[in-house]
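Trainee: one predicted model, sequence on top.
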Amino acid sequence: MKVIKLFLLLSGLLASPSLVAGEEKPAVIYKIDIKEEIGASSWRLARRSFTRALEEGARYIVIHLNTYGGTVVHADSLRSMILRSPVPVWVFIDNNAASAGALISIACDRIYMSEGASIGAATVVNGTGEKQPDKVQSYMRSMMRATAQAKGMDTVVVNGERTVSWRRDPAIAEAMVDEVIEVEGVSEQGKVITFTAREAMEYGFCDGVAASVEEVIRAEGVTGYELREYRVTTLDRVIGFLVHPVVQGLLIMIIIGGIYFELQTPGVGFPLVAALSACALYFAPLYLEGLATYIEIILFVAGVILLLLEIFVLPGFGITGVAGVTCIVGSLALAGVGTFSFDFAGEFARDLLYSLFFVSSCAVFSLFFSLWLSRKLFGARGLRLALHATVPVEDGFVGVDMTVQREIGKTGTAFTSLRPAGKVMVDDEVYDAVSNTGDFIEKGTRVKVIKYQAGQLYVEHDNMN
């Protein structure tokens with residue numbers, strides 16, 4: 001009897017897959033919200049969310065999208081990240097996927113839209129809403145076309161021959177950018193394509209209509225899942241604020257302007273404090289995000305040192321000054337892009353050129369603004385920030401201390417070596433001095449003051465010694 005019970009117990013254990021192989025874990029689905037203008041902040045949060053999703057073993061990623069667009073460079077970065085994703089990426093368009101939002105949506109494996117949502121209108125415009133030149137539009141057209149080709153091509157076998165069928169027609173994707181492109185049966189020339197949810201389904205740019213992310217998951221046939229999402233922290237919000245292009249531009253202008261004003265005023269004052277504070281606020285968030293490293297910081301410090309050497313040690317403005325300015329601008333530009341990779345050298349070069357143009361523009365504007373502001377502050381009599389009183393020579397005013405003339409004829413010692421300039425000590429006072437004959441005078445040698453001219457004593461060897 002005991003043998004029979006033991007046999008039944010072992011049979012039950014072997015028949016239970018949950019005990020032998022362990023219960024199957026629910027599929028992890030990671031939700032990423034993009035519900036703002038596509039820019040540095042949204043790109044940063046999306047990149048962090050993608051990293052976290054892959055670290056936590058997500059099987060699928062769902063983007064909850066609602067945006068009117070944003071900058072092309074950040075939209076392209078998001079597009080590239082989605083295309084390279086090792087796990088399927090779905091997008092749920094909750095109302096709007098305009099411009100950069102359309103590019104991001106087409107890069108996803110599956111597109112779902114809510115009733116009343118729209119996708120398209122990807123024409124590149126500037127900050128005032130004016131259409132950009134055809135060169136820029138051409139670049140956007142190529143990105144839309146390439147993205148549709150990457151995610152919208154199906155291979156169909158007809159009569160034993162393989163033919164390509166476009167699930168997402170590249171021509172339609174291009175027509176979302178440029179009104180010149182006409183797609184027969186879809187759009188007329190002179191009109192940029194913008195689809196509603198039902199129209200997008202008809203032409204292959206939407207895989208279904210849903211009211212929520214949960215409905216999207218059910219439509220894909222996934223059950224027993226765990227929905228996770230990246231929680232935005234206070235630090236994320238602060239970093240997102242500091243990496244905004246407008247804020248970064250202001251910080252760059254404060255850095256350049258602070259250095260300029262510090263060089264125009266004696267001692268260490270407020271301009272230097274402002275420049276250092278702006279420098280910390282500029283580099284800190286980029287360092288925390290892994291964009292800037294200690295190399296960029298060292299390069300910036302080296303640039304400042306070279307600039308100071310050029311101004312205070314070397315005459316004129318030559319190689320040292322040019323090298324200093326190059327190091328400063330280069331460090332600020334390199335801090336705004338990721339680390340170099342041979343796999344994505346083209347993207348790195350594009351981002352570097354964009355960052356370099358941005359930093360250079362801000363630096364030039366800051367320099368001209370600083371020149372204008374310095375004239376207003378120190379040139380206007382009404383502000384009383386500069387001395388405007390005149391002290392004419394005919395009224396007895398002189399620009400140097402003439403009491404030093406009393407040292408003429410006295411003897412002293414060379415306080416430093418004179419080559420031919422240096423310092424001498426006369427009656428326990430140290431003065432700037434020049435060898436009258438241009439000869440080298442060694443430190444400690446007895447000298448005699450011959451004359452006084454242009455704020456300096458002229459001395460010779462004291463032959464009476």
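Mentor: Received, thanks.
Trainee: and the end-to-end length of stretch 112-122?
Mentor: For stretch 112-122, the first-to-last residue distance is 18 Å (CA to CA, to the nearest Å).
Trainee: check stretch 125-142 too.
Mentor: By CA to CA, the extent of stretch 125-142 from end to end equals 16 Å.
Trainee: ok, and what's touching that stretch?
Mentor: By CB atoms under 8 Å, 6 or more residues apart in numbering, the list of residues contacting stretch 125-142 from outside reads Val72, Leu103, Ala122, Thr123, Val124, Glu174, Val177, Asp178, Ile181. Every residue, glycine included, has its C-beta placed from N, CA and C.
Trainee: does Asn463 sit in a helix, a strand or a coil?
Mentor: Secondary structure, DSSP: H, G, I helix; E, B strand; the rest coil: Asn463 is coil.
Trainee: ok, back up a step: inside helices: which ones of the contacts of stretch 125-142?
Mentor: Val72, Leu103, Glu174 (DSSP state H).
Trainee: and the residues you listed, which is closest to Leu352?
Mentor: Proximity of these to Leu352 (CB to CB) peaks at Val72, which lies at 15.7 Å.
Trainee: not counting its neighbours along the chain, what's nearest Val247?
Mentor: In space, and not counting its chain neighbours, Val247 is closest to Phe241: 6.2 Å by CB to CB, 6 or more residues apart in numbering.
Trainee: any idea which helix or strand carries that neighbour?
Mentor: helix 234-242 (DSSP states H and E).
Trainee: for Arg228, same thing?
Mentor: Taking DSSP H and E as the criterion, Arg228 maps to strand 225-229.
Trainee: before we move on, the earlier item: export the contacts of stretch 125-142 to TSV and tack on pLDDT and neighbour count?
Mentor: Listed next are the contacts of stretch 125-142 as TSV, based on pLDDT from 0 to 100; neighbours: other CB atoms under 10 Å:
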residue	pLDDT	neighbour count
Val72	84	20
Leu103	93	27
Ala122	86	30
Thr123	86	19
Val124	84	20
Glu174	90	23
Val177	90	28
Asp178	84	20
Ile181	84	18
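Trainee: quick one, strands of the stretch 151-300 of the chain?
Mentor: For the stretch 151-300 of the chain, the strands defined by DSSP state E, counting those that start in this stretch cover 153-158, 161-166, 194-196, 208-209, 225-229.
Trainee: please, which helix or strand holds Met425?
Mentor: strand 421-426.
Trainee: CA atoms of that strand as CSV?
Mentor: Extracted C-alpha coordinates of strand 421-426, given in CSV (Å, rounded to 0.1, in the frame of the first residue of the first chain):
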residue,chain,number,x,y,z
ALA,A,421,64.3,94.2,-17.4
GLY,A,422,63.7,93.1,-13.8
LYS,A,423,63.5,94.5,-10.3
VAL,A,424,65.8,96.4,-8.0
MET,A,425,65.8,97.2,-4.3
VAL,A,426,66.7,100.8,-3.3
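Trainee: so how far is that strand off the chain centroid?
Mentor: Relative to its parent chain, strand 421-426 has a centroid offset of 52 Å by CA atoms, centre = their mean, to the nearest Å.
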